[in-house]
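Novice: When you get a sec, could you give me coordinates for this:
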Amino acid sequence: MDELSRRKMLIAGGALGALGALGMASPARARSPWTWSPSGSVAGSGAGRDPEWVWDEEADPLLAAVIDRSDVPRVNQLLRTWTRNDQPLPSGLPGDLRDFMEGARRLPSWADQRKLDAAAAFTKKKGIYTGALYGLGSGLMSTAIPREARAVYYSKGGADMKDRVAKTAKLGYDVGDLDAYRPQGSMIVTAVKTRLVHAAVRHLLPKSPGWSQTSGGQTIPISQADMMVTWHSLPTFVMRKLLDWKVPVSRAESDGFLHVWQVTAHMLGVLDEYIPASWDEANAQSRQVLDPALGHTAEGAELADVLLDIVAELDAGLTRPLINAFSRYTVGDRIGDLIGLDREPFWQPLIGAAWPLLVAFREGLIPLPLVPEAAWTVEEAIRRFVLLFLSEGRPIDLEIPDANRPF
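Specialist: Okay, here's the model as predicted:
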């Protein structure tokens, strides 16, 4: 089990975390009628519109205008200096963009700092698991979501997957940061920039011949339904796996983890009427939108292969057979088959037997003095190394695209 040490599992997780950055979209799938009730949302009510036909009414026309005015290079240069939640927006931004961003950076009225603090405490104690699950779970699952995989592949970021993974790993890193939504944190900045990127992709991707030929009739990508599909591949999936792995999670920690992702969905432009108010509602919505969305695509299989190679590159001890086996253990055989993961007859039964023992051993250490602090220090250092490796020492800047992937 040396190769399955906490350190290497966290490296794997940090490398792939949050690949979808909460939503890239593409081909049609058979969909059941939208039946999830807005009474189960954080808003408690709503129009009940099918989110398949709802996008971002504020950001989309604005970013289309920014692109059409050729303002993207200037805006990206200015936004590189905006890195902390408490910073004023850079001077020189176009007035319409500045006005939008001033509103978009405000936390929702229902945000609860106590729950956000509980989420930070949860990450501090359980970051090894969430890191592995974001990466060799959620990240790989995203390649089995056809719309997401094809939009990642055909958008500008698909041309440089190491850079793409670095930028999306930043979202996973920032949402788990102890100061995520505090003034000194960065998650508000990351969420607003990601929302701008999504709006730009909605304007650009329909112009891509590759995407248009595989979209299955979808004319605008990244609908609110697509956003929630990806959302469920992150917190909903992660909490399910933690429970499956018998990781002890208190009620306060569970509520806090859900809340930080509820706030994140809102900050990314998801309407409150689509954001589940509880884990029961999240699981119910996930069964309707995520489970039927899974499927195989050539683009998804290629992305999965690239991502697993990146993980192997991070540490020579993480061989592809070992990565394949742990990935299958994490996402299950259905998704493993959809993305072309090899079956590993030696490693799979070994991991299936050993991982629960490793979890139990680690959880037995948690009550000892200083162990949580020491674990967090090591895991935080590794997270920072992963981001440094993926960015090749350059600052990780989330930038608005002004073109699709060149072919």
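
Novice: Helices along the stretch 251-400 of the chain, start to end?
Specialist: 251-267, 279-289, 298-314, 320-331, 333-338, 347-365, 371-391 (DSSP state H, counting those that start in this stretch).

Novice: And those helices: which comes nearest Arg98?
Specialist: Across the helices of the stretch 251-400 of the chain, Arg98 has its closest neighbour in helix 251-267 (17.4 Å, C-beta to C-beta). Just so you know, the C-beta spots here come from the backbone N, C-alpha and C atoms, and that holds for glycine as well.

Novice: for that closest one, packing partners?
Specialist: helix 113-133, helix 161-175, helix 187-204, helix 224-231, helix 237-244, helix 279-289 (3 or more C-beta pairs under 8 Å, 6 or more residues apart in numbering; DSSP states H and E).

Novice: want to throw those helices into TSV with distance to Tyr153, mean pLDDT and mean neighbour count?
Specialist: As requested, those are exported to TSV (distance: least, C-beta to C-beta, whole Å; pLDDT from 0 to 100; neighbours: other C-beta atoms under 10 Å):
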stretch	distance to Tyr153	mean pLDDT	mean neighbour count
helix 113-133	23	89	22
helix 161-175	9	71	23
helix 187-204	12	96	24
helix 224-231	15	96	26
helix 237-244	22	96	18
helix 279-289	21	97	18
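
Novice: Between those helices, which one is closest to Met101.
Specialist: Among the helices and strands packed on helix 251-267, the nearest to Met101 by C-beta to C-beta is helix 187-204 (5.9 Å).

Novice: right, and the helix or strand after the closest one?
Specialist: Per DSSP states H and E, the first helix or strand lying C-terminal to helix 187-204 is helix 209-214.

Novice: Can you give the distance of that next one from its chain's centre?
Specialist: In terms of C-alpha atoms, centre = their mean, to the nearest Å, the centre of helix 209-214 is found 24 Å from the chain centre.

Novice: from the helices of the stretch 251-400 of the chain, which stretch is densest packed?
Specialist: The highest average neighbour count among the helices of the stretch 251-400 of the chain, using mean count of other C-beta atoms under 10 Å, belongs to helix 320-331 at a mean of 23.

Novice: contact partners of that helix?
Specialist: Contacts to helix 320-331, defined as C-beta atoms under 8 Å, 6 or more residues apart in numbering, come from residues 3-4, 9, 12, 132-133, 136-137, 140-141, 144, 241, 308-309, 311-312, 336, 341-344, 346-348, 350-352, 355.

Novice: relative to helix 113-133, how tilted is that helix?
Specialist: Angle of helix 320-331 versus helix 113-133, following axes from the mean of the first three to the mean of the last three C-alpha atoms, to 10 degrees, is 140 degrees.

Novice: Run through this structure and note the low-pLDDT ranges.
Specialist: Across the chain, the ranges flagged by pLDDT under 70 are 1-31, 161-169, 314-318, 365-396.

Novice: now with 80?
Specialist: Within the chain, the ranges that satisfy pLDDT under 80 run 1-32, 135, 157-173, 310-318, 362, 365-397, 407.

Novice: ok, back up a step: so can I have TSV of the helices of the stretch 251-400 of the chain showing distance to Lys124?
Specialist: Output for those, formatted as TSV (distance: least, C-beta to C-beta, whole Å):
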stretch	distance to Lys124
helix 251-267	10
helix 279-289	21
helix 298-314	23
helix 320-331	22
helix 333-338	29
helix 347-365	14
helix 371-391	5
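
Novice: mind giving me a markdown table with the helices and strands packed on helix 251-267 and columns for distance to Pro90?
Specialist: Shown next, in a markdown table, are these (distance: least, C-beta to C-beta, whole Å):
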| stretch | distance to Pro90 |
| --- | --- |
| helix 113-133 | 26 |
| helix 161-175 | 19 |
| helix 187-204 | 11 |
| helix 224-231 | 27 |
| helix 237-244 | 34 |
| helix 279-289 | 36 |
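
Novice: out of the ones you listed, nearest to Ile67?
Specialist: Closest to Ile67 of those is helix 187-204 (C-beta to C-beta; 5.8 Å).
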